[in-house]
Each structure stands twice: as structure tokens, then as C-alpha cells.
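1. The sequence and its predicted three-dimensional model are supplied below.
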Amino acid sequence: MDYNTILEDVKKKHNGQVPKPIQALGNLDQSLVIDHLTSKQQVLSKNAIPLKYKNLILLASAIVLDAPSCIMTNMQAAKKSGATKEEIMEVFAVAKFAKSATTLSNSEPAFEWLFQNL
């Protein structure tokens, strides 16, 4: 697929818009956009995990990685693939916990230092 065809496909999937990160990357290197979206297509085309769950996993990842554009894109994809509001909100709660758990574990050396320097 060529770059313009891929962008047209992206627009169809995103309410006529190209997400800003994709647009910005394409302004600099179209081949990286093609590579990124081809990789996404390959991942989503496999069948071991249903599409709805893949989109929920992608949503959780976007939340944990603090990627606002990806959060919106993946929330819309999850909803479109059949995820309920309750499932999406549970994914938010799980991702929020995962993020706080990593914050806790990443802070452990500082906690140890503080405890030893009381």
C-alpha cells in the first residue's frame, strides 16, 4: 500500500481525521507511518485474541503510557468492536492500578533511603 491509500484508510477509521501523531510523523518520514500502520494491521488481523480484547489491551497500554491521542483512538476502537462502557471503565481501573503499582515499585529505593535516614 502507498502512503496516500493508507491515510485514506486511517481517515475512514477515525471519523475523517488523521491522528495528529500519525500526521506529524508522516510529514517527516512517510515510510515510518507505513511501517507503524502495517504492523498494527498485522497484529489486529490475528485471531487468537478477539478484536474487542485486543482493543481493550491497547487502551490499557495507552492509559499506562500516558498517550492521550492513543487513549482516544483505542477507546473509540474498543467501543466500535463491541466493548461496553462497563468494560472500558474496568480497563481504566485496571490500568490505573497498574500505573500506581509501578509508581510504588519504582519508588522503593527512595522509600528505603528515607527509612534509613529518619
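-> Now that the structure is in, tell me what you want to look at.
2. Mind pulling the model confidence for the residue sitting furthest away from the middle of the chain?
-> Ranking residues of the chain by C-alpha distance from their mean position (Cα atoms, centre = their mean) puts Leu118 at the top, at 41.1 Å. pLDDT, Leu118: 92.
3. Please report how far it lies from Glu112.
-> According to Cβ to Cβ, to the nearest Å, Leu118 and Glu112 sit 11 Å apart. Placement of C-beta: from N, CA and C, glycine included.
4. go on, Asn4?
-> As judged by Cβ to Cβ, Asn4 and Glu112 stand 55 Å apart.
5. what do you get for Ser100?
-> Distance, Ser100 to Glu112, by Cβ to Cβ: 19 Å.
6. how deep is the closest residue to Val43 other than its chain neighbours tucked in, by neighbour count?
-> Distances taken as Cβ to Cβ, 6 or more residues apart in numbering put Lys54 closest to Val43, at 7.2 Å, once the chain neighbours are dropped. Using other Cβ atoms under 10 Å, Lys54 has 18 other residues around it.
7. tell me the secondary structure for Lys54?
-> Three-state call for Lys54 (DSSP: H, G, I helix; E, B strand; the rest coil): helix.
8. start at 151 instead
-> Sure thing, new numbering starts at 151, so read that last one as Lys204.
9. So it sits against Leu194, correct?
-> Yes: if you go by Cβ atoms under 8 Å, Lys204 and Leu194 touch, sitting 6.0 Å apart.
10. in the strand or helix carrying Gln191, what counts as buried?
-> Assigned by DSSP states H and E, Gln191 belongs to helix 180-195. Within helix 180-195, the residues that count as buried by 16 or more other Cβ atoms under 10 Å are Val183, Ile184, Leu187.
11. by contact count, what packs against it?
-> Packing partners of helix 180-195 (3 or more Cβ pairs under 8 Å, 6 or more residues apart in numbering; DSSP states H and E): helix 153-163, helix 170-178, helix 201-214.
12. Return the most buried member of those.
-> The highest average neighbour count among these, using mean count of other Cβ atoms under 10 Å, belongs to helix 201-214 at a mean of 19.
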